[in-house]
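>>> got a predicted structure plus its sequence, pasted below:
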Amino acid sequence: MDIAGNYISITNNSDVRLKTNIMPLHNTLKSINKLNIVQYDKYRTLKRDSTSTFVKCIGVIAQELEKSTDPILVSSVIPADEDFPYTVDYPQLFTVSIKALQELHKEYKEYKELVYKK
């Protein structure tokens, strides 16, 4: 739990027995490059008054991801309702970032081979 009493999950179930239609991701670097990383002050609740406080944060804006045409980004948003704010599945974005790093590493190795073959 965080200071405001909100539940924070830093683990996700990843058992293959819970999964179906498993397919590799491609072009994740393109998805990651679409992220608008921002710094902001975040209020602790949706209902605010003159005593409301906030915390400094760095992250993305869920509504921007939701409006994206990129299915990887859209799937990382948990929609809001009247009582609960939009939520971003940061562990999912982190996993996509790992895949993007793998793609970038592969490109680097290919580039390196081209440069040093000459």
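Okay, I see it.

>>> in the longest helix along the chain, what counts as buried?
The residue-count maximum for a helix in the chain (DSSP state H) belongs to helix 90-117. For helix 90-117, the buried set under the neighbour-count rule, 16 or more other Cβ atoms under 10 Å, comprises Leu93, Thr95, Val96, Ser97, Lys99, Ala100, Glu103. Quick note: C-beta positions are derived from backbone N, CA and C, even for glycine.

>>> and for the closest residue to the fifth one other than its chain neighbours, the neighbour number?
Closest residue to Lys99 in three dimensions, ignoring its sequence neighbours and counting by Cβ to Cβ, 6 or more residues apart in numbering: Thr28, at 4.3 Å. The number of residues packed near Thr28 is 21, by other Cβ atoms under 10 Å.

>>> now do the contacts for Thr28.
Ile72, Val96, Ser97, Lys99, Ala100, Glu103 (Cβ atoms under 8 Å, 6 or more residues apart in numbering).

>>> does the fifth one touch Ser31 like I think?
Yes. Distance between Ala100 and Ser31: 7.3 Å, which falls inside the contact criterion (Cβ atoms under 8 Å).
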